[in-house]
Every structure is written in C-alpha cells, then in structure tokens.
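Asker: next come a sequence and a model predicted from it.
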Amino acid sequence: MPSTYTASLRLEMQAAGENLNTWGAPRLNTVIDRLDQAIAGRSAIVLAGDHVLTSANVGDDEARRAMLDFTGAGPATVTLPAASKIYLVRNAASGPVTLTTGAGTTAVVDSQDVTLTACDGTNVFPLGVGGVTLKAYVEAVAWSYNAGALPAQAGNAGKVVATDGDDAGWSLVTSLPDYVHDQTQRATAADRRAAGLIYFG
C-alpha cells in the first residue's frame, strides 16, 4: 500500500513495511522539515496581481508555512488551499490583500497590517472581537462605547490619548521629556483635586 498524506499539512504517512531502509532518511526527515515550516516557517511572496498559494503533497510549498509575508503590488486576491489552517499574515504590499479559498467568506488584510487569519477549509476568518474584525472593533465599537470618556479622533493625528485618572484627552508628544512633563502636570492636577475633596469633604 502506498503512502497517504495528511489533510491539512500534506505530510507523508507511510504504510506498514513501505520504504525499506529509506523511511528515516530522507522520508521522516522530510516530514520533520515540513512540520518545522508549518510551525515557524515564512513564505515571502512578492505580489504582481492575484496569486494562488503553491500546495503539494510532501514537497515544499507556500501554503504549509506558518507566516505569509506579502510585498509588491496591491490590491490582490490570494487563494488558499481548501484545508483548515491558521496563518500569521503580514501585508507589506501597496494595497489590501484578500484571502480566499475560492468559496465562502474572505478576509481582507489592509496594507501594513499584521494579523492572524483562520481557514476552516471553506471560509477565511480575520482576527475578531464580537463578530467584527479587531480593527473594526477598535475603530467603531470600543470608541463608541466610551463616548464622552474618550476624545474624538478627528483632527488629532499624531497625538496620544493621556489621562489624569478622571479625564482623557489628546496630547502631542514630541519627545520623552515632553511626555514626562505632561504626565507630571496631569498627576499634580489629580493630586490637587483629591486634596480638595479630602479637605472640603
């Protein structure tokens, strides 16, 4: 009986009595190498349009590796094999990358994003919270839930949110001393408020 292959990582499973004197080297060593790629390997893929990940039994391929590292031109659609797998995805391409199996739901990774995606063999899911992507959650849900507690984002590019324990506000930090000075002022203001509450009850 010839070898068979695992469904997700396409690793060789040898039949009893098969490959006499060759099952260890090279066959077992090849499987160990492929496992190493699946756990910690990186596929560096330069996009020049849509791309189908290479996928092969036993042989080296792009889809088996743990990390997909995209550069080149975007937007682009990248087709994954129809097998369950988790990928760490870094998109350094010039536009968004859409991950798909060719069926089911897709995951869009924006340019300069690093994220996890999961494929169930049909659908591709982005990292998410509460049924939405993590990015959408932060942009839409977390900020709206804290309306009145967190300041509006518009017009505050390049600033950081700072708080004195009572109020949050935007602060422009140009250097570490500026940040330390800003935080000292806020802490002093908070201490004065606390002292006033203690004194006046």
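Answerer: Thanks, I have the structure now. Please read these numbers as outputs of a predicted model, since none were measured by experiment.

Asker: the bottom helix or strand of this structure by mean pLDDT?
Answerer: Ranking every helix and strand in the chain by mean pLDDT, DSSP states H and E puts helix 143-145 at the bottom, with a mean of 60.

Asker: the following helix or strand past that one: how far from the chain's middle?
Answerer: Beyond helix 143-145 in the direction of the C-terminus, DSSP states H and E gives the next helix or strand as strand 160-163. Relative to its parent chain, strand 160-163 has a centroid offset of 25 Å by C-alpha atoms, centre = their mean, to the nearest Å.

Asker: next: stretch 130-144.
Answerer: Using C-alpha atoms, centre = their mean, the offset of stretch 130-144 from its chain centre is 15 Å.

Asker: ok, now stretch 25-37?
Answerer: 27 Å.

Asker: now do stretch 28-45
Answerer: Relative to its parent chain, stretch 28-45 has a centroid offset of 20 Å by C-alpha atoms, centre = their mean.

Asker: pLDDT of it, averaged?
Answerer: Throughout stretch 28-45, pLDDT has a mean value of 87.

Asker: pretty sure residue 112 sits against residue 95.
Answerer: No. Residue 112 is beyond contact range of residue 95, at 10.4 Å (criterion: C-beta atoms under 8 Å). In this view, the C-beta of every residue, glycine as well, is placed from N, C-alpha and C.

Asker: pLDDT below threshold where in this structure?
Answerer: 1, 141-153, 163-168, 173-183, 185-186, 189-201 (pLDDT under 70).

Asker: any idea which residue is closest to the centre of it?
Answerer: Nearest to the mean C-alpha position of the chain, counting by C-alpha atoms, centre = their mean, stands residue 115 at 0.9 Å.

Asker: so what sits opposite that one in the bridge?
Answerer: residue 89 (DSSP bridges).

Asker: counting neighbours, what do you get for residue 91?
Answerer: When neighbours are defined as other C-beta atoms under 10 Å, residue 91 has 25 of them.

Asker: sorry, slip of the keys, the one I care about is residue 99.
Answerer: 24.

Asker: same deal with residue 92?
Answerer: 16.

Asker: so it touches residue 68, yeah?
Answerer: No. Under the criterion of C-beta under 8 Å, residue 92 makes no contact with residue 68, lying 11.0 Å away.

Asker: can you list contacts of the helix or strand hosting residue 119?
Answerer: Assigned by DSSP H and E, residue 119 falls within strand 114-120. With contact meaning C-beta atoms under 8 Å, 6 or more residues apart in numbering, strand 114-120 is reached by 80, 83-91, 99, 101, 104, 107, 109, 124-127, 134.

Asker: equivalent analysis for stretch 54-73, please.
Answerer: Applying C-beta under 8 Å, 6+ apart, the external contacts of stretch 54-73 come out as 5, 9-12, 30, 34, 37-49, 53, 76, 78, 80-81, 83, 85, 87-95, 97, 109.
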